[in-house]
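Trainee: Structure, please.
(one chain, ligands or ions: 2)
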Amino acid sequence: MVDIQQGAAINPTPIETYLADETETVAFGKCLGLALRDYAPNAKQALVVFLEGDLGAGKTTSTRGLLQAFGHSGPVKSPTYTLVEPYEFDSARVYHFDLYRLGDPEELEYMGIRDYFTAQSVCVVEWPSRGMGVLPEADLRLKVTTEAPGRRASVEACSAVGIAVLEGMRTEV
Ligand SMILES: Nc1ncnc2c1ncn2[C@@H]1O[C@H](COP(=O)(O)OP(=O)(O)OP(=O)(O)O)[C@@H](O)[C@H]1O
Ligand SMILES: [Mg+2]
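Mentor: Numbering: from 1, shown residues only. Ligands and ions are numbered 1, 2, ... in the order given. Sure, this is the predicted structure:
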């Protein structure tokens with residue numbers, strides 16, 4: 001257990017791995033999802049995950065795995081035009097955002113962004129850079145980069161809650 005108040009590391013080692021194919025990306029996303037699912041009932045506020053990486057890096061693929069951890073089994077399409085897709089589970093609500101086409105961060109205010117970032121919700125955000133200034137801070141960042149023929153992925157914690165989830169994820173990978 002990392003004790004932040006005692007001044008211990010607030011940024012423990014990220015989880016990093018090479019993902020040989022799409023199946024491994026889904027599996028990696030699922031490991032993160034399992035840790036989020038286990039933590040969500042205890043969360044006092046939304047769990048926020050930023051998904052970073054270039055076009056086609058594997059952010060939506062990772063989200064598919066994350067959603068599978070909660071019990072979702074269908075396809076996952078990126079909500080590029082609607083900006084957010086909601087998923088309801090017994091343990092939590094997961095909101096999958098894709099802000100690629102967001103013109104201005106203020107549009108998030110008009111869509112009532114605060115209603116999504118509540119306790120027992122997990123907010124997964126592709127292209128969070130588009131919402132800078134309005135989006136809440138991330139608890140975790142999942143980064144995916146192309147490393148032919150596969151991908152390199154990392155998950156890092158950005159808050160005390162993120163550290164707890166990351167430690168949970170370490171037991172899954
Ligand atoms: N580890 C991997 N190795 C090779 N290809 C992969 C891997 N993981 C995912 N892919 C492939 O990468 C492609 C793009 O994935 P995805 O749609 O998840 O990207 P994205 O980051 O969400 O892109 P966008 O920014 O456009 O939303 C898909 O065809 C998927 O099969
Ligand atoms: Mg995507």
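Trainee: how about the strands in the chain?
Mentor: Assigned by DSSP state E, the strands in the chain fall at 15-19, 47-52, 84-88, 93-98, 121-126, 140-147, 150-157.
Trainee: Going by contacts, tell me the helices and strands next to the last one.
Mentor: Packing partners of strand 150-157 (3 or more C-beta pairs under 8 Å, 6 or more residues apart in numbering; DSSP states H and E): strand 15-19, helix 22-39, strand 140-147, helix 160-170. For the C-beta atoms, the positions are set from N, CA and C on the backbone; glycine is no exception.
Trainee: So for Gln45, which of these sits nearest?
Mentor: helix 160-170 (8.1 Å; C-beta to C-beta).
Trainee: Pull the contacting residues for Cys31.
Mentor: Gly65, Ala69, Met169, Glu172, Val173 (C-beta atoms under 8 Å, 6 or more residues apart in numbering).
Trainee: Put together a markdown table for the strands of the chain, with distance to ligand 2, mean pLDDT and mean neighbour count on each row.
Mentor: Shown next, in a markdown table, are the strands of the chain (distance: least, C-beta to the ion, whole Å; pLDDT from 0 to 100; neighbours: other C-beta atoms under 10 Å):
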| stretch | distance to ligand 2 | mean pLDDT | mean neighbour count |
| --- | --- | --- | --- |
| strand 15-19 | 15 | 98 | 16 |
| strand 47-52 | 8 | 98 | 25 |
| strand 84-88 | 11 | 97 | 15 |
| strand 93-98 | 6 | 98 | 24 |
| strand 121-126 | 5 | 98 | 25 |
| strand 140-147 | 10 | 98 | 18 |
| strand 150-157 | 13 | 98 | 21 |
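Trainee: coming back round to it: please tell me which one of the contacts of Cys31 counts the most neighbours.
Mentor: Gly65 (24 neighbours; other C-beta atoms under 10 Å).
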